[in-house]
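1. sequence and predicted structure are below.
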Amino acid sequence: MALEHIETGSFAPELSPPGVTETITVVSWNINRGSCFEHIVDFLACTDAGVVLLQECDSNARRSGFRSIAREIAQKLRMNYAFAVEFVELSQGRKDREAHHGQAILSRFQLLHPRILRLRNQSSFWAPRWYIPKHRWFQRRLGGRMALVSEIVVNQATIALYNLHLESRRSDELRWRQLKEVLEDAAGYRPDVPVVVAGDFNTDITSEACRALIAGSQFRNPFSMRHVPTITTPRRMSRRSDVIDFILIRGSVAEECERVHTAISGSDHYPLSLTLRL
């Protein structure tokens, strides 16, 4: 049941900011379980973001101090939040309470209709096995990759938010199939509804094949020309790219001030921010 449950809460002083908002800042960040909690909160508090999309949030996990990371960050920032479980971490919980790992959406606006898009295309890497080596990459877990979806209303207009975490194992072809599932789901929104798809793609989506998929779904990639590494440790011994986090946009909004915050510590990924002009 944990894999279908969405935890929600509200610490915002009001349901939404008053008046008409000309711009809204979106931050996306893989926070590496939230272990560096204070660094994460300090950065997010300085961004004045209207929407924060977090990947790799722990809840009740030993490695992150048994904290409810999404809830505690939302409480510190006085924001609404929704948290969905990507994996149940079988070796990280307590005897009376299991540990969860997943995605969170935080917003100063009310979060409407949150749901989980569990991806059909999955790697078999995380499937149960009779023997698991004592290595951090082989943690015992149940679940699968997914996107957390929600909506907000700004200036009486709906904006759809997709917070995704694509597979870290297997090939780019698998990640592209997962991304295609997300973009096909987003096609269910009317063309005039702005859609944000952001998160840890675990691949560089500026390749020719991926660009065609994104453009064919009417999305734009404001970070396509930056080529700034989004992970803190370069993959010198691997052919995989160091640019794997993105924010995609579709619809009647203008994007500006896209940035990869490479001076920020707190995770093995750098946070991304993008301002949308409504």
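-> Received, thanks. Residues are numbered from 1 along each chain as shown.

2. going by C-alpha atoms from here, please, whenever you check contacts or count neighbours.
-> Will do.

3. doesn't residue 270 make contact with residue 261?
-> Yes: in terms of Cα atoms under 8 Å, residue 261 counts as a neighbour of residue 270; the distance is 5.8 Å.

4. the two: who's more crowded?
-> Under the criterion of other Cα atoms under 10 Å, the comparison of residue 261 against residue 270 puts residue 270 first, with 21 against 16.

5. what sits against the more buried one?
-> 29, 30, 230, 231, 232, 260, 261, 262, 264 (Cα atoms under 8 Å, 6 or more residues apart in numbering).

6. against residue 66, how distant is it?
-> Residue 270 sits 24 Å away from residue 66 when distances are taken as Cα to Cα, to the nearest Å.

7. returning to what we had before: among the contacts of residue 270, which two are most distant?
-> 30 and 262 (13.3 Å; Cα to Cα).

8. neighbour count winner among those two?
-> Neighbour totals were compared for residue 30 and residue 262, and residue 30 leads with 25 against 15 (other Cα under 10 Å).

9. quick one: that one and residue 278, what's the gap?
-> According to Cα to Cα, residue 30 and residue 278 sit 26 Å apart.

10. common neighbours of residue 30 and residue 262, please.
-> Here residue 30 and residue 262 share the contacting residues 270, 271, scored by Cα under 8 Å, 6+ apart.

11. ok, what's across the strand from residue 164?
-> residue 147, residue 199 (DSSP bridges).

12. cool, residue 7 as well?
-> Counting by DSSP bridges, residue 7 forms beta bridges with residue 83.

13. which of the contacts of residue 270 fall in strands?
-> Taking DSSP state E, the ones among the contacts of residue 270 that sit in strands are 29, 30, 260.

14. could you pull out the strands for the stretch 151-278 of the chain?
-> Here the stretch 151-278 of the chain has its strands, by DSSP state E, counting those that start in this stretch, at 157-165, 195-200, 245-250, 254-260, 272-277.

15. should've said the stretch 1-150 of the chain
-> Listed from the start of the chain, the stretch 1-150 of the chain has strands (DSSP E, counting those that start in this stretch) covering 6-10, 23-33, 51-59, 80-94, 97-107, 112-118, 141-143, 146-154.

16. reformat these as CSV; add mean pLDDT and distance to residue 243.
-> Output for those, formatted as CSV (pLDDT from 0 to 100; distance: least, Cα to Cα, whole Å):
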stretch, mean pLDDT, distance to residue 243
strand 6-10, 97, 30
strand 23-33, 97, 13
strand 51-59, 97, 16
strand 80-94, 92, 22
strand 97-107, 95, 20
strand 112-118, 98, 24
strand 141-143, 81, 26
strand 146-154, 97, 20
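
17. deepest of the ones you listed, which one?
-> Across these, averaging neighbours per residue (mean count of other Cα atoms under 10 Å) puts strand 51-59 on top, at a mean of 26.

18. so which elements touch that strand?
-> In terms of contacts (3 or more Cα pairs under 8 Å, 6 or more residues apart in numbering; DSSP states H and E), strand 51-59 is packed against strand 23-33, helix 69-77, strand 97-107, strand 157-165, strand 195-200.
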